[in-house]
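Enquirer: pasted the sequence and its predicted model underneath.
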Amino acid sequence: MKLKKAANISSLLTIRVADAECDLYFPDVVDDILLFTNQYDDYYVLSGGSNVIAGKIGKPVLYMGNVISGSDTDDLGEFSVKVFMPSWVSIASLLNYSITNGLSGVEFMAGIPGTVGGAIVGNAAPAGDSWDDIVAVIYVVQDGEIYPLVPEYGYRTLKNKPEKPFVVYGCELILVKDTPEGVRSRILHYLSKRPRIKGYSAGSLFKNPEGEKAGRLLEAVGMKGFSVGGAKLSENHANMVVNCGGGRYDDFCRLRDTAIGRVRERFGITLEPEVKFWS
């Protein structure tokens, strides 16, 4: 396993925070992950970097982009299959896999960046969709051991997530047999509904409060297109956070805090970040 001290990880984050820095570990095989989790009990795990805004991070970061492993498929009968998918596989690659093999169930993720691991832990999905009933088992690495976890999902969360830091090694997905054409058609349908955001982005800055839309609240308090330094809320969607040029960690923190303060003052609602802030 390789280590790069004080590595600038801007290029590993979809929002490209200029001053993102950490001690970055590169596991090559699963045994490296086991050794890492046995050695450290406080760390972050980075893979697709699509839902992270980071500054100077004071704990080790495990980068999952170079691990060697593959998927595996078991036939469950006439209608469905069980697929083991490594956590570091990108959502785009998962969708290509589902088209190639004519397997339905994950089309709702079309146009959403990131990796399988991040998506299944954060229950990343458009409104009305969920990984519930798709993910049968999540394989978790913690304290040098791998164990299975049957997920319990809530809105944008894994409700039975381990309390201590952990690494997702992979998962078993239950997918439905279909045709490549049918899967491709549904993927295009979901893509047509995704907002078009220009530039580097981490997606939605805040979760939707119960019964409300964060984007509507933010637009109502004048946050659409609002910027702090290089951090900005998109002019196309008030809840989409973007880097409009050289954005630093403190810029994004001040943007977040300004948005929370304005919405709380106007509506009495405290927005909860969906993006993870690491420091």
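Expert: Happy to help now that I have it.
Enquirer: who's in contact with the residue lying closest to L12 once chain neighbours are set aside?
Expert: Once flanking residues are discounted, L12 sits nearest to G49: 4.7 Å by C-beta to C-beta, 6 or more residues apart in numbering. C-betas here are computed from N, CA, C, even on glycine. For G49, the contacting residues are I9, L12, L13, T14, G114, by C-beta atoms under 8 Å, 6 or more residues apart in numbering.
Enquirer: make JSON lines from the residues you listed and add secondary structure, neighbour count and pLDDT to it.
Expert: Putting these into JSON lines (DSSP: H, G, I helix; E, B strand; the rest coil; neighbours: other C-beta atoms under 10 Å; pLDDT from 0 to 100) gives the following:
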{"residue": "I9", "secondary structure": "coil", "neighbour count": "21", "pLDDT": "98"}
{"residue": "L12", "secondary structure": "helix", "neighbour count": "20", "pLDDT": "96"}
{"residue": "L13", "secondary structure": "coil", "neighbour count": "21", "pLDDT": "97"}
{"residue": "T14", "secondary structure": "coil", "neighbour count": "19", "pLDDT": "96"}
{"residue": "G114", "secondary structure": "coil", "neighbour count": "22", "pLDDT": "89"}
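Enquirer: where does pLDDT dip in this structure?
Expert: 68-69 (pLDDT under 70).
Enquirer: just to revisit the earlier point, quick one: the residue nearest to L12 from Q142, how far?
Expert: Per C-beta to C-beta, to the nearest Å, G49 is found 22 Å from Q142.
Enquirer: and what of R184?
Expert: 38 Å.
Enquirer: then C171?
Expert: Following C-beta to C-beta, the distance that separates C171 from Q142 is 15 Å.
Enquirer: in contact with the residue nearest the centre of the chain, which residues?
Expert: Central residue of the chain (C-alpha atoms, centre = their mean): G118, 4.0 Å from the mean position. Neighbouring residues of G118 by C-beta under 8 Å, 6+ apart: S47, G48, S50, N51, S87, A124.
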